[in-house]
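Colleague: Give me a model of this one.
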Amino acid sequence: MTGTNTNDNTQSTNMTGEELSKQRFPQQAQNAPGTTAAMTPEPDHGESSWKGLNRLEGKRALITGGDSGIGRATAVAFAREGAHVAISYLPSEIEDAQRTREIIDIGGKGECKIFETDIRDEAKARKLVDDAAEALGGLDILVNDAGTQQGRRPQGFADLKGEEMRNIFATNLLGTFYVTQQALNHLNAGSSIINVTSIQAYDPSANLVDYAATKAALTNFTANLAQQLGPRGIRVNAVAPGPIWTPLITSTMPADKVEDFGKNTPLGRAGQPSELAGAMVFLANNVEASFVSGTVLAVTGGEPIF
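Modeller: Modelled structure (predicted):
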């Protein structure tokens, strides 16, 4: 369900597996959190290829970090499936957020609202949820995608600073907690919560001790919430991406490591954000996934999570 983007710089996931496996990303780096336009090639978010089947018609979804990468691909797919979406973004990500809204306005069946915020701030995180619910007329789906990492540490753990650890936990874990807890004021039976964890929760890279720890915590957070919210009819699941070509990579990975990004997967390549969208749509809808809760769906190119 993915394919060629109208942007000439975008890699097409309509390429064969052999062609994709031969891809090499040029060395590149940008400042965090990074932007889509600064990437070569630009990622494929399914802009011109996702064909909706009305699986989320009339649903209302909040996607944190929905301006780029996995969040943008999710927002595009949800809108093509008939959902009305709200996305959050950091001030430096305004251009990406506006572009996501434009893509949805052009090809989506639902509308897109954008909200600038920083979910590390509890008051702002909770206000985001209430503002999104008001703008959409309610809330049925929450996707906790906002996250950050820091991989440019020549000496690994010795270079890890306390402030970096606090920042990554504040974004990836505490921010998710604030948003999710506030969303419970709006979600009802039949609603769905989807957390974005990572292959790092199961097979952590030595240099990502803080990031991997937050993703492992989110895995347990997902299992705990599924048990607590099941009696309310709210399903809670997670998606665990492997190496996916997003601004997070070019803004946090050493430039000389980018060329071979994703080559160590069994499929021999990195994934595109659009290749996560199917998992998100599946978990969000109450037809195919009506009895699915408390699970983690791996989209890792073959790397196991068990």
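Colleague: the helices in the stretch 201-306 of the chain, which residues?
Modeller: Per DSSP state H, counting those that start in this stretch, the stretch 201-306 of the chain carries helices over the ranges 209-229, 247-252, 255-258, 274-284.
Colleague: Could I get the contacting residues of Asp96?
Modeller: If you count contacts by Cβ atoms under 8 Å, 6 or more residues apart in numbering, Asp96 has them with 35-37, 67-68, 72, 89, 247. Where C-beta positions appear, they are placed from N, C-alpha and C, glycine not excepted.
Colleague: re the thing from before, will you turn the helices of the stretch 201-306 of the chain into TSV that also has mean neighbour count and distance to Thr265?
Modeller: Formatted as TSV, those follow (neighbours: other Cβ atoms under 10 Å; distance: least, Cβ to Cβ, whole Å):
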stretch	mean neighbour count	distance to Thr265
helix 209-229	19	17
helix 247-252	23	14
helix 255-258	14	15
helix 274-284	24	12
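Colleague: Buried only: go through the contacts of Asp96 for me.
Modeller: The neighbour count (16 or more other Cβ atoms under 10 Å) marks 35-36, 67-68, 72, 89, 247 as buried among these.
Colleague: I'd like the helices of the stretch 201-306 of the chain as CSV, with distance to Gly147 and mean pLDDT appended.
Modeller: Below are the helices of the stretch 201-306 of the chain laid out as CSV (distance: least, Cβ to Cβ, whole Å; pLDDT from 0 to 100):
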stretch, distance to Gly147, mean pLDDT
helix 209-229, 8, 96
helix 247-252, 8, 82
helix 255-258, 19, 83
helix 274-284, 13, 96
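Colleague: Of all the ones you listed, which one is nearest Trp50?
Modeller: In terms of Cβ to Cβ, the element of the helices of the stretch 201-306 of the chain nearest to Trp50 is helix 274-284, at 6.4 Å.
Colleague: Now tell me what touches that closest one from outside.
Modeller: 1-3, 13, 43-46, 49-50, 55-56, 59, 61, 70, 73-74, 76-78, 81, 83, 141, 143, 192, 194, 235, 237, 239, 241, 244, 288-289, 292, 297, 299.
Colleague: Report the buried members of those residues.
Modeller: 1-3, 13, 43-46, 49-50, 55-56, 59, 61, 70, 73-74, 76-78, 81, 83, 141, 143, 192, 194, 235, 237, 239, 241, 244, 289, 292, 297, 299.
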